[in-house]
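S.K.: show me the folded form of this:
(one chain, ligands or ions: 1)
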Amino acid sequence: MNEVKLAVLGGSGAGKSALAVRFLTRRFIGEYASNAECIYTKHFCLDGRQIHLEIYDPCSQQGKLSLTDELHWADGFIIVYDISDRASFAFAKALLYRIQESHIGACKKMVESTVFLVGNKQDLCHMREVGWDEGQKLAMDNKCQFCELSAAEHYQEVVAMFTKVLRSITSNLKAKEKRRPSGSKSMAKLINNVFGKRRKSV
Ligand SMILES: Nc1nc2c(ncn2[C@@H]2O[C@H](COP(=O)(O)OP(=O)(O)OP(=O)(O)O)[C@@H](O)[C@H]2O)c(=O)[nH]1
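M.R.: Below is the predicted model of the structure:
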């Protein structure tokens, strides 16, 4: 069983809970408690592999950019902004910058984390403040995937987006497993090193 930890981050009211709940329950509820952070869990099968998924949905993110815990916890991130709210786009940009910074920094785990930028509330395009091309460019600059959708109206797109993220995370995890020597091999290597050195020192 693969364990996958996914953090959904973004500005206040961008639609983090709406997206997570839509994916997990198929439903768009409209109003979500925003005073409590939560971790949703779900078991499912993806490409023949059993997945135990945890989705972290923080309470209102606005202003919180440190991300120290999230960066250590998550295997991947969905960064959400509201296309009708430029401030949420600026916040998404700052979050992506913070994640990029940690890729460059010491946190090895982050080198392979998956990031997906999502422009939510596409149904409000008559009130659009952020262009599709701006989202696309921001994603390209940060080497992450991008889509616009509406948690309210696009169930299939929401599922497709989560599926892409999860596929990318599981293939990263698989690659990591391959690079790590198997248990018996690494034990043999360890024994060899220890006894090899001892023999030399006698
Ligand atoms: N029109 C429209 N409204 C949406 C959409 N997604 C979410 N909303 C609404 O936007 C508001 C905020 O949604 P939430 O899912 O609570 O946003 P959030 O990012 O979790 O908010 P905080 O927890 O406060 O940071 C709610 O009133 C939702 O009904 C969407 O795709 N279209």
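
S.K.: count of neighbours near residue 74?
M.R.: Using other Cβ atoms under 10 Å, residue 74 has 26 neighbouring residues. Glycine gets a C-beta too; all of them are placed from N, C-alpha and C.

S.K.: dihedrals phi and psi, the spatially closest residue to it that is not a sequence neighbour?
M.R.: Nearest non-adjacent residue to residue 74, counting by Cβ to Cβ, 6 or more residues apart in numbering: residue 7, 4.1 Å away. Dihedral angles of residue 7 (phi, psi; degrees, to the nearest 10) stand at phi -110, psi 130.

S.K.: distance check, the residue nearest the centre of the chain against residue 85.
M.R.: Per Cα atoms, centre = their mean, the C-alpha nearest to the average position across the chain is that of residue 77, at 1.6 Å. Applying Cβ to Cβ, to the nearest Å, one obtains 19 Å for the distance of residue 77 from residue 85.

S.K.: got it, and residue 11?
M.R.: Residue 11 sits 7 Å away from residue 85 when distances are taken as Cβ to Cβ.

S.K.: of those two, who's got more company?
M.R.: More crowded of residue 11 and residue 85, by other Cβ under 10 Å: residue 11, with 24 against 21.

S.K.: residue contacts, the more buried one?
M.R.: The neighbours of residue 11, taking Cβ atoms under 8 Å, 6 or more residues apart in numbering as the test, are 61-62, 80-82, 85, 87-88, 91-92.

S.K.: where does it land on pLDDT?
M.R.: As predicted, residue 11 sits at a pLDDT of 93.

S.K.: measure it to residue 171 for me?
M.R.: For residue 11, the distance to residue 171 equals 29 Å [Cβ to Cβ].

S.K.: repeat for residue 53
M.R.: In terms of Cβ to Cβ, residue 53 sits 15 Å off from residue 171.

S.K.: between these two, which has more neighbouring residues?
M.R.: Ranked by neighbour count (other Cβ under 10 Å), residue 53 and residue 171 place residue 53 first, with 21 against 13.
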